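[1] Just a sequence and a predicted model for now, questions to come.
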Amino acid sequence: MTTGLQLALAAGALLALGLVLLVARLMPAEPDLADALNRLTPSRGHAAAADPGATTGKERIGVWAMRALPSALWVRTPKRELALLRIPLARFYGDKITFAFLGLLIPPLLAFFFDVIGLGFPIGIPAMASVGLACVMFFLPNYNAVDDARRARLEFSRALGAYIDLVALERNSGIGVRQAMESAAEVGDSWVFTRLSEELSRSRWSGLPPWDALHALSEELGLPELDDFADIMRLSGEEGAAVYKTLRARSAAMRAAMLNDEIAEANAIGERMTIPGSLLGVIFMALLVAPSLLRMFSNT
């Protein structure tokens, strides 16, 4: 028979687990000096990003999983999205393993809780629920990375339009190509300007032309707008072409495209908002007609 003490222990265990997970999620992560120095080195490689030192618990789990588990287990790794978000592969794989383990653990805990209060389930139900929830939560970091990268690309495009305008103004005042690109990148304090400044500084140390560095960055992160800007700056740097009007036109076209996308998204949201209103109208009409129908059927 279930006692009050057992019920209190089970409830306390679930509450403690929730508090531990909440604290682990909100605890600020310590900056990784090795990872920061690796990003500032001239050589860029995915191998270094895959194991930048594994200082956190999740990264250590991810490093172990990369070495011990078959590569086919990961199905698809969003490497461009992870590079844009600056999430190491080890941390990403560690998140997947951690989420899958939680998916395996939650149904048995719930089954134990229900069994304690007298609502037991057959053992097959928690087992199937554990496998299903583990599979779903295993792919949850993929969805999070893709969704966060989509928002980051949108933010990058918005900031890139302002950066292109700044470069155009710098070039119009007679400053050289590299100096104009570096000076414009130092104006903003957002992560987009910081990323561009780091890439330009890396190209200076390695002797690579800045437009080639931005072209490589656009290929790595999947940013076609940055590739177009790099092509324009290549013409200015290699052929001495006047690019002020070209840059201003490019930034204006980017803003117009983003405005059109936002208008289309707003229209789609407005159309979806009409559905609850229509359902509310149907329910209201049903409430008005229902008494008459009930009276009619009751008299027959």
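    Looks like it arrived, so ask away. Numbering: from 1, shown residues only.
[2] and the most centrally placed residue in the chain, what is it in contact with?
    Centre of the chain computed as the mean C-alpha position; nearest residue by C-alpha atoms, centre = their mean is D148, 1.9 Å away. Shown in contact with D148 (C-beta atoms under 8 Å, 6 or more residues apart in numbering): 81, 85. From N, CA and C alone the C-beta is placed, and that goes for glycine too.
[3] And it, how far from L85?
    6 Å (C-beta to C-beta, to the nearest Å).
[4] do the same with K58
    15 Å.
[5] again, but for E225
    E225 is 18 Å from L85, by C-beta to C-beta.
[6] go on, W211?
    For W211 relative to L85 (C-beta to C-beta), the value is 24 Å.
[7] These two: which is more packed in?
    W211 (23 against 16; other C-beta atoms under 10 Å).
[8] Pretty sure that one sits against A230.
    Yes - using C-beta atoms under 8 Å, W211 is in contact with A230, at 4.4 Å.
[9] Output the below-cut-off pLDDT ranges for the protein.
    1-55, 120-121, 299-300 (pLDDT under 70).
[10] And the strands in it?
    For the chain, strands defined by DSSP state E do not occur.
[11] Could you point out the longest helix of it?
    In the chain, with assignment by DSSP state H, the single longest helix is helix 244-299.
[12] what packs against that helix?
    Using 3 or more C-beta pairs under 8 Å, 6 or more residues apart in numbering; DSSP states H and E, the elements in contact with helix 244-299 are helix 140-172, helix 224-239.
[13] Show me which positions of stretch 243-256 end up buried.
    243, 246-247, 250-251, 254 (16 or more other C-beta atoms under 10 Å).
[14] what's the closest of those to T274?
    Here the nearest of the buried residues of stretch 243-256 to T274, counting by C-beta to C-beta, is M254; it sits at 31.3 Å.
[15] Pull the number of nearby residues for the closest residue to that closest one other than its chain neighbours.
    Of all residues not flanking M254 in the chain, G161 sits nearest, at 4.6 Å (C-beta to C-beta, 6 or more residues apart in numbering). With neighbours defined by other C-beta under 10 Å, the count for G161 comes to 20.
[16] hang on, G161 packs against A257?
    No - the criterion here is C-beta under 8 Å, and G161 misses it with A257 at 9.6 Å.
[17] measure A68 to Y244 for me?
    With C-beta to C-beta as the criterion, A68 and Y244 are 56 Å apart.
[18] right, I mislabeled it, should have said G94
    48 Å.
[19] ok, now L110?
    Taking C-beta to C-beta, one finds L110 at 64 Å from Y244.
[20] for A129, what are its contacts?
    Counted by C-beta under 8 Å, 6+ apart, A129 has contacts P107.
[21] and it, how far is that from A213?
    A129 is 50 Å from A213, by C-beta to C-beta.
[22] G277 now?
    Applying C-beta to C-beta to G277 and A213 gives a distance of 52 Å.
[23] quick one: which of those two has more around it?
    Ranked by neighbour count (other C-beta under 10 Å), G277 and A213 place A213 first, with 22 against 9.
[24] I'd say that one and S203 touch.
    Yes - if you go by C-beta under 8 Å, A213 and S203 touch, sitting 3.6 Å apart.
[25] mind listing what the residue nearest to N172 when sequence neighbours are not counted touches?
    Excluding its sequence neighbours, the residue lying closest to N172 (C-beta to C-beta, 6+ apart) is Y244, at 4.6 Å. Neighbouring residues of Y244 by C-beta under 8 Å, 6+ apart: 168, 171-172.
[26] Could I have the buried ones of those residues as PyMOL selection syntax?
    Restricted to buried positions by 16+ other C-beta under 10 Å, the PyMOL selection for the contacts of Y244 reads:
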select buried, resi 168+171
